[in-house]
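# Just need the structure, nothing else, for what follows:
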Amino acid sequence: MLVGFNLNSTALINKDLSNKIWPDAIIRTGDCLFKSRKFQDAVGFYSQAINKKQGNFVYAMYQKAIIEGLTGDVSEKILSLKEIIKNHASSEYADDALMQLGDAYFEMDNVENAYVVFSDLVQRYSSSPMVNGALLKLGLIAYNKGDLNTSIKQYKAVMQNNPSSKEAESAILGLQEIYINDLGKSEEYVSYVSSLPGYKVSDTAADSLAYMVGVIRYNEGEYEKAVAGFSNYLSKYPSGINKIKAHYYRAESNTLLKKYDTGLEDYELLIKAGNSEFYTQSLRKAALIAYNYTQSFDKAYRYYDLYYSQLTDEDEKFKAATGALRSAFRNANSEGIKKHANIVVNSKKADNEDKSTAYYYLAKTWYKENNLENAFSAFASIGDMVNTNQAAEARYMMAEILYKQKQIEKAEKQSNLANEKNTAYPYWIAKSLILLSDIYIDKKDLFNARAALEAVIENFPEDQELQTTAKTKLKAIEDLEKQKTRIKTPSNNLMEFHSGGN
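Modelled structure (predicted):
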């Protein structure tokens, strides 16, 4: 029917029919084709209405621009929208055209032109339902340019312009991102939102927002700002629902900043607080800092020991026991050494080096307590499982213990064995030579005793400890030799006297 009507339109006499009904029918047909996504056909009908400039032809211009955008002809879309804005500024579609034009520029990353167009819409059509959409876009563009104050201004303007629930949600989220993520000012955000009619930020939400300021900085690797954020949160909410997390991540931030003392304070606070999701890790971190950085070995032992008691994973248990053992040794904690040395030597995770170190610490502890039997057994357990400085010392110490036990022959044999195996550790060879000099003195062999000490003096001129010890002992041998000479001299004179008398 419309086609026939179209063919005979020039013969129509009824002006209402030709000027109103026919253009409306043309546009409606275009709309039907548009909905069916027959865009080219729709454009044909819209163009007829536009050419006639009858009826709602500006609407047809707008619809044609939309189709041009949908079919990828963005340049034509922009030209069509500009024509509406320029020539039909009073049309009900002028604000829609500005919104579409701004969106087109925005999608093309032409943000400068987009900003101008959206601003034009807000200024020229302040009563338009498109204004809030334009303000949201202006806020986003300003934010992306780093102009946070302008962005805040645009989002707040939305909230003052009777926004829909969706528009209000977008504006509030934009403000939250700026105040929390960028400015770290949760209190200002909460204060502003709470001032809006119908809005209220709960205490729990305010707590979480203040905490998030630090979290965001931590996740971005800005640890100085993270510390400031968490510290601000803890000052505002000392008993807040996120206080445990805030203390932990402040400790982590300070540790990453190499502020170990400060980090340790928070870890220790969490340890003192007792069981929490961060308790075990706080023990581990506190132990590491106390041992490696603050060198508070009593604390290190206490935290490693507690950490060990919390674990089920065998790898971590072994690491904790090793840390506790080393800490106990550095702090001369005999009971701690005995406890964790036995754990280490019996662990399936321990290699020979781990076991030899544990036996060494145990042996030194027993020796200090004058339990020579246990000390000798522990030194002997090291055996040949490793060839380290500790193993070299162990070989020497076995000889020294035997000497203290008056087992002279065994001590001599062990000293010589130690010298054979300690070729890579000259210091312990020197110590064995000094011990051998004592053994030779006990055996009345001053010649070899002197030779052993002279070897030390000659070969270790830079070691003052060895030099002092060897020279002192050599002086003692010289004194013994003089005594021996004085004893022999009177005896010879007496014999000569008696011989001369006969």
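
# so what's the backbone phi/psi at Pro238?
The phi/psi pair for Pro238 (degrees, to the nearest 10) reads phi -60, psi -20.

# An error on my part: the question was meant for Ala350.
Dihedral angles (degrees, to the nearest 10) for Ala350: phi -80, psi 130.

# where does the residue nearest to it when sequence neighbours are not counted fall, phi/psi-wise?
Leaving aside its chain neighbours, Ala350 sits nearest to Val344 (5.4 Å; criterion: CB to CB, 6 or more residues apart in numbering). Every C-beta, even on glycine, is put in place using the N, C-alpha and C of the backbone. Dihedral pair for Val344: phi -70, psi -50, per degrees, to the nearest 10.

# and the gap between Val344 and Ile337?
10 Å (CB to CB, to the nearest Å).

# what's the burial count for Asp73?
Number of residues near Asp73 (other CB atoms under 10 Å) recorded here: 14.

# Ok, Val345 next?
18.

# quick one: contacts for it?
355, 358-359, 381 (CB atoms under 8 Å, 6 or more residues apart in numbering).

# Of these, just the buried ones, ChimeraX syntax please.
Here is the ChimeraX command that selects the buried residues among the contacts of Val345 (16 or more other CB atoms under 10 Å):
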select :355,358,359,381
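
# ok, the contacts of Val345 vs Ala89, which is closest?
Ala358 (89.2 Å; CB to CB).

# Stretch 398-413: end-to-end distance?
11 Å (CA to CA, to the nearest Å).

# average model confidence for it?
Stretch 398-413 shows a mean pLDDT of 97.

# For that stretch, which outside residues touch it?
Contacts of stretch 398-413 (CB under 8 Å, 6+ apart): 367, 372, 375-376, 379-380, 414-415, 417-418, 432, 435-436, 438-439, 442-443.

# go with 6 Å
Outside stretch 398-413, the residues that touch it by CB atoms under 6 Å, 6 or more residues apart in numbering are 372, 376, 379, 414-415, 418, 435, 439, 442.

# Ok, stretch 110-121 next?
Contact with stretch 110-121 is made by 98, 101-102, 105-106, 134, 137-138, 141, as judged by CB under 6 Å, 6+ apart.

# ranges for the helices of the stretch 201-350 of the chain?
With DSSP state H, counting those that start in this stretch, the ranges of helices along the stretch 201-350 of the chain come out as 203-219, 223-236, 243-256, 260-273, 279-292, 297-310, 314-330, 334-345.

# can you give me the angle the fifth one makes with helix 243-256?
Helix 279-292 and helix 243-256 meet at an angle of 30 degrees, taking axes from the mean of the first three to the mean of the last three CA atoms, to 10 degrees as the criterion.

# Quick one: low-confidence residue ranges for the stretch 351-500 of the chain.
486-500 (pLDDT under 70).

# before we move on, back to that, looking at the contacts of stretch 110-121, which is nearest Thr150?
Leu138 (7.9 Å).

# what's the neighbour count on Leu311?
A count of neighbours around Leu311, defined by other CB under 10 Å, yields 17.

# end-to-end on stretch 178-188?
Start-to-end span of stretch 178-188 (CA to CA) is 11 Å.

# Buried residues, it. List them.
So, applying 16+ other CB under 10 Å, buried residues of stretch 178-188: 178-180, 184-186.

# what about it, average pLDDT?
For stretch 178-188, the per-residue pLDDT averages 93.

# Next: stretch 70-82.
Stretch 70-82 comes out at a mean pLDDT of 87.

# same question, stretch 231-250
In the prediction, stretch 231-250 has an average pLDDT of 96.

# How far does it sit from its chain's centre?
Counting by CA atoms, centre = their mean, to the nearest Å, stretch 231-250 is centred 18 Å from the centre of its parent chain.

# Span of it from start to end?
8 Å.

# Among the contacts of Val345, which lie within helices?
355, 358-359, 381 (DSSP state H).

# Most widely separated two among those residues?
Ala358 and Ser381 (9.2 Å).

# Low-confidence ranges, the stretch 151-300 of the chain, go.
Using pLDDT under 70, nothing in the stretch 151-300 of the chain is flagged.

# Okay, Ile178 and Tyr105: tell me how far apart.
Ile178 is 23 Å from Tyr105, by CB to CB.
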